[in-house]
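>>> this one's sequence-less:
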């Protein structure tokens, strides 16, 4: 089955700096990669996603890049704000049953 | 904006008791998932339904867990008997049918504490 590894597990940045979270996946057939933000005690919320036929996607301060050859994808947050503090999960969708395999999460802390 | 509904939001129970969680997916979403999320980890799939049929329950501890989606709409996840190690967040998610490449939308979860 699919295996997703996520790094780093914790990340602290100063407000206004950029943050980068990286994930690798094992199943070359995976073709959809969402990123979720989860605040403490709340549901995971989709913040951006990318399909395997696209190398990069941007939405305001958030961008995701995908390298299919290397089987890794990354989340980039620019001009970070304190409200960006949360746990971020990457995931990969694979298999005929269309199942998501999640990374272990990154606790992002934006220091004011 | 339509959302996945779950209840209860919190549940405290003693070990060996039975608990049940309910999920109502976004209208029109044929696929429904139950996940378990242990604090500090990513969600792990327990069971997946397509309409009323189970697509995958390979990770569901069937000696104590059961799930059903009788009419292909809402779903119930049951644990009997509950064990201390079952303490976790139980998340329900839904998505359009499998032939559409779209993401899953999560409910608010049920936080279970087994004493």
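Sure, I can see it. On a predicted model such as this, the values are computed, not experimentally measured, just so you know.
>>> for the residue found closest to residue B:74 once you drop the neighbours it is linked to in the chain, what are its contacts?
In this structure, residue B:74 finds its nearest non-sequential neighbour in residue B:24, 4.5 Å apart by CB to CB, 6 or more residues apart in numbering or on different chains. In short, each C-beta sits where N, CA and C put it, glycine included. When contacts are counted by CB atoms under 8 Å, 6 or more residues apart in numbering or on different chains, residue B:24 touches B:4, B:5, B:6, B:73, B:74.
>>> ok, now residue A:95?
A:1, A:2, A:27, A:29.
>>> could I get the residues you listed as JSON lines with neighbour count, pLDDT and distance to residue A:11?
Output for these, formatted as JSON lines (neighbours: other CB atoms under 10 Å in any protein chain shown; pLDDT from 0 to 100; distance: CB to CB, whole Å):
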{"residue": "A:1", "neighbour count": "9", "pLDDT": "81", "distance to residue A:11": "27"}
{"residue": "A:2", "neighbour count": "17", "pLDDT": "87", "distance to residue A:11": "24"}
{"residue": "A:27", "neighbour count": "16", "pLDDT": "91", "distance to residue A:11": "26"}
{"residue": "A:29", "neighbour count": "12", "pLDDT": "88", "distance to residue A:11": "30"}
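>>> the residue in chain B that chain A sits nearest to: neighbour count?
Closest contact between chain B and chain A, by CB to the nearest CB, is at residue B:42 (3.2 Å). If you count neighbours by other CB atoms under 10 Å in any protein chain shown, residue B:42 ends up with 22.
>>> please apply the same query to residue B:9.
Residue B:9 has 11 neighbours, counted by other CB under 10 Å.
>>> let me know whether it touches residue B:91 as I believe.
No. The criterion here is CB atoms under 8 Å, and residue B:9 misses it with residue B:91 at 11.8 Å.
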